[in-house]
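1. give me a model of this one.
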Amino acid sequence: MSFPERSPRERPSPIPIDARAREQLRYIRDTLERAGSFTAVPGWGGIVVGLTALGAAAVASRQPGPGAWLAVWLAEAGLAALVGVWSVVWKAKSAGVPLLSGPGRRLALGFTPPLAVGALLTAVLWREGIIAILPGVWLVLYGTAVVTGGAFSIEIVPLMGLCFLVLGAVALFSPAAWGDPFMAAGFGGLHIIFGALIAWRYGG
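-> Take a look at the predicted model:
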């Protein structure tokens, strides 16, 4: 049984080879970027951390002495760590991103050392009674952690770290009475702003 041949007008037009090549290159580039970057950075988790930091700044500013002030911020650091870890795990599972993949492992290795240095310096400065510079030290080292860890994440993360670095540098050379406002602006405001941007542009 023979079938009538399709007329030239009915035949689909071939896809130009340059358009096909561009599409394949775009797919390869996107695949490599996803493979080399840890994309499970939580936006909503950052917003929650920012809100708790604003509350901590309000409470810390009302404390009668440096010991109580430090206790408030250490409690906030612990709470922020719990929220951050939980939100990263939740987003990674939702997006199907392995936490122990190459990018995730490199992000953790870049993020952890500056925070460990921050904990060490906090203990030393507290022992020496040098409390006034702690907000600047914390902001600078946290910014360093975000920049180094964020090098293996989405591009907005290192930008957030640079903002923390600049804010911390200014705090180091500002009056001690401005410590809590700087902490509120950094750990509160920057987390909320960048968390909202991440949630809007990258989801979750």
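2. which parts of this protein are helices?
-> For the chain, the helices defined by DSSP state H cover 17-36, 43-60, 66-95, 102-128, 134-150, 156-172, 179-183, 191-202.
3. which ones are touching the residue nearest the centre of the chain?
-> With distances taken as CA atoms, centre = their mean, Val157 lies nearest the centre of the chain, 4.8 Å away. Neighbouring residues of Val157 by CB atoms under 8 Å, 6 or more residues apart in numbering: Val41, Val146, Gly149, Gly150, Ile198. C-beta coordinates here come from the backbone N, C-alpha and C atoms, glycine included.
4. got it, and Ala199?
-> Ala199 makes contact with Gly43, Trp44, Gly46, Ile47, according to CB under 8 Å, 6+ apart.
5. what do you get for Ala53?
-> Taking CB under 8 Å, 6+ apart, we find Ala53 in contact with Glu76, Ala80, Met183, Ala184, Phe187, Gly188, His191.
6. distance of it relative to Cys163?
-> 14 Å (CB to CB, to the nearest Å).
7. do Ala81 as well
-> Counting by CB to CB - Ala81 and Cys163 are separated by 20 Å.
8. let's test this: name the helix or strand in this structure with the lowest mean pLDDT.
-> Of all helical and strand segments in the chain, the minimum by mean pLDDT, DSSP states H and E falls on helix 17-36, at a mean of 54.
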